[in-house]
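> Got a predicted model here, sequence first, then my questions.
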Amino acid sequence: MSQDWSGDPFADPNDPAAQEREQRRREREEKRRQRAEKKTRKEERQKPDEPASPAVPPPPPRTPEQEFWDEDPEPEPAQPEAAEPAEAPDTAEAAEPAEAPDTAAPPDTPRPQPGSVAIDESSERINAEQDAEFWAFEDDGDPDLAAGAGDGGRRGRREGGGARRGGVLAGLRRHPFRVAVLIVAILVLWFLYALFQPFHGDGSGKVQVKIPKGSSVSEVGDLLSEKGVIGGSYLFGAVDASTLFQMQATIEGKRSELYAGSFTLAEGMSYSAAIDALAVPPVKRTTTVTIPEGLARQQAAALVRQNEVPGNYVKKTVKSQYLDPADYGGKNAKSLEGFLFPNTFELKPKAPVADLVELQLEDFKRQIKKVKMGYAKSKNLTVYDVLIIASMVEDEAGVPEQRKLVASVIYNRLHEGMPLGIDATIRFATGNWSKPLTESELAVDSPYNTRTNQGLPPGPINSPGLAAIEAAAHPKETGFLFYVTDPKGCNELTFAKTEAEFEKAVAAYNKAREEAGGNAPSSCGE
């Protein structure tokens, strides 16, 4: 015993329990050997003609360490063992005498004699318990072990089964941080897949989309989502296609490069494909018409014809259902002159001229709301009167800085009861827009002849812009009553408070004109 357990650091040669376990191990090995021999002899008797199969070698002896871990922590008391009944072999074999038990047999139990087998209820019970104990410790595939025979088997099954059942879940409970990292990694991968759409195509079919001017990236994304150009929601609806479209536009640095206009896109496009399509200026499918400031209706009509807008502009600008001049103080207005706001307008191909007139009138309504009319009303002037003054300022002021000075001269002359003497009104009356006015034209009998008539003309002489309207509503306060073209300036005027100052300025202008060979003097080309 001491030699067998010399390598076991936990063995104690004098420990009765260790001695008992060693004895029981040897008994089991002997029983295993006897069973193997018995099986071999039985097979030889059943098949005498066949060569006997080699005897099954006994399993290798179990090490003390294995015995130590297989045994119960608290060994059970040793029980007397009786010799197992065996079939009579062909040749008699002396049974190995069993070691006497620690406790004496009961007096009423006969002790079996050497070489004989005693069979009674007690021996059968002891043998059954020994067999159960033997097979409970077998590890060579015996079904009793799989079924968990014995207390050790049941305990091993509980421990083994617990490990199998709780392997993954127990690992997750032991490492919650790793679980959180795994979930975050999955969500990030899912988000990146939804954002970059690596296997997404360029869509199919055709979808007409019109991006309004001034739309934000968010509004563009919502519009594309509504039209089906981009679609889908991700992360259980927490992130929609419009949000991913904005993120992709930000990543590509194209938030400010998306154009407004009409586009032909496709259904189910990827975000990158939609952004690339909107980053290219759309093919123009409209007619663009620009009406500059200071043009009368007759002048604008020629420009409209050049842009091939169908219809008669002069006839369509006499009156309109979209604006009534009387609402602005023009009760006796003969046309929409002055209300046709100058700007750049886009029309559908082959759109009639009435559409252009409607756009001009709607634009005027928006722009006139920006002008404060308090000062003009204090002078008993209506909005229509301001438009008349603004139309003259638009034509007379050659530079933006002198608009309010020209308006101040008009206000001062009206206050003094002097004729305005503005030649631009005579050009309107005669239709002479560019040539020098003749003596007869200067004396034309027309309410628009401000040389022969006091006060304002009956209506505006062109379409003034917002800056001219602002100047007419808020003129600069000066004492100027006259102005004449400055021969040394570029489209600038010389202003005078008295008639003497005015005559002096006129003489300087005429001299410069003579020196220019009769042409209007100007220093713009210098």
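Nice, I can see it. Numbering: from 1, shown residues only.
> drop to CA atoms for contacts and neighbour counts, all remaining ones
OK.
> so where's the stretch 1-150 of the chain uncertain?
Filtered on pLDDT under 70, the stretch 1-150 of the chain yields the residue ranges 1-13, 47-150.
> Wait, S391 touches L456, no?
No: with contact defined as C-alpha atoms under 8 Å, S391 does not reach L456; the gap is 11.2 Å.
> And these two? Which one has more around it.
S391 (29 against 20; other C-alpha atoms under 10 Å).
> show me what contacts the more buried one?
Neighbour list for S391: G294, G338, P460, I461, N462, S463, P464, A468 [criterion: C-alpha atoms under 8 Å, 6 or more residues apart in numbering].
> How is the fourth one assigned, secondary-structure-wise?
Following DSSP: H, G, I helix; E, B strand; the rest coil, the label given to I461 is coil.
> So what's the residue count around L387?
29.
> could you point out which element follows whichever strand or helix holds it?
Element membership for L387 (DSSP states H and E) is helix 383-396. Where DSSP H and E defines the elements, the next helix or strand beyond helix 383-396 is helix 403-416.
> mind checking which helix or strand L258 is in?
Short version: L258 belongs to no helix or strand, going by DSSP H and E.
> picking that back up, nearest to A17 among the contacts of S391?
Checking those against A17 by C-alpha to C-alpha gives A468 as the nearest, at 118.4 Å.
> Skipping its backbone neighbours, what lies nearest that closest one in space?
A390 (5.1 Å; C-alpha to C-alpha, 6 or more residues apart in numbering).
> Mind pulling the model confidence for the one you found?
A390 is assigned a predicted lDDT (pLDDT) of 98.
> and it, how far is that from L278?
The gap separating A390 from L278 is 41 Å, by C-alpha to C-alpha, to the nearest Å.
> the more surrounded of these two?
A count of neighbours by other C-alpha under 10 Å puts A390 above the other of A390 and L278, at 32 against 22.
> In this structure the more buried one contacts I461, no?
No: taking contacts as C-alpha under 8 Å, A390 lies outside contact range of I461: 9.3 Å.
> how about the longest helix anywhere in the chain: buried residues?
In the chain, assigned by DSSP state H, the helix with the most residues is helix 16-46. Buried residues in helix 16-46, counted by 16 or more other C-alpha atoms under 10 Å: 17-19, 21-22, 24-25, 28-29, 31-33, 36-38, 40-41.
> now do stretch 377-393
T382, V383, Y384, D385, V386, L387, I388, I389, A390, S391, M392, V393.
> Redo these as TSV? Include distance to L323.
Compiled in TSV, the buried residues of stretch 377-393 are given as follows (distance: C-alpha to C-alpha, whole Å):
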residue	distance to L323
T382	16
V383	14
Y384	13
D385	17
V386	17
L387	15
I388	17
I389	20
A390	19
S391	19
M392	22
V393	24
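> residue ranges with poor pLDDT in this structure?
Ranges of the chain meeting pLDDT under 70: 1-13, 47-173, 183, 186-204, 232-239, 284, 525-526.
> So V484, which state does it fall into?
strand.
> Run through the residues that contact it.
Contacts of V484 by C-alpha under 8 Å, 6+ apart are L493, T494, F495, F502, A505, V506, Y509.
> coming back round to it: what is the orientation angle of the helix holding L387 with helix 403-416?
120 degrees (axes from the mean of the first three to the mean of the last three C-alpha atoms, to 10 degrees).
> May I have helix 383-396 as PDB, with CA atoms only?
Only the C-alpha atoms of helix 383-396 are listed here, as PDB (Å, rounded to 0.1, in the frame of the first residue of the first chain):
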ATOM      1  CA  VAL A 383     -48.600 104.000 -52.400                       C
ATOM      2  CA  TYR A 384     -49.500 104.700 -56.000                       C
ATOM      3  CA  ASP A 385     -48.000 108.200 -55.700                       C
ATOM      4  CA  VAL A 386     -44.800 106.600 -54.300                       C
ATOM      5  CA  LEU A 387     -44.700 104.300 -57.300                       C
ATOM      6  CA  ILE A 388     -44.900 107.200 -59.700                       C
ATOM      7  CA  ILE A 389     -42.100 109.000 -57.900                       C
ATOM      8  CA  ALA A 390     -40.000 105.800 -57.800                       C
ATOM      9  CA  SER A 391     -40.400 105.300 -61.600                       C
ATOM     10  CA  MET A 392     -39.000 108.800 -62.200                       C
ATOM     11  CA  VAL A 393     -36.200 108.200 -59.700                       C
ATOM     12  CA  GLU A 394     -35.400 104.900 -61.400                       C
ATOM     13  CA  ASP A 395     -35.000 106.600 -64.800                       C
ATOM     14  CA  GLU A 396     -33.200 109.900 -63.600                       C
END
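> That concludes my questions; thank you for your assistance.
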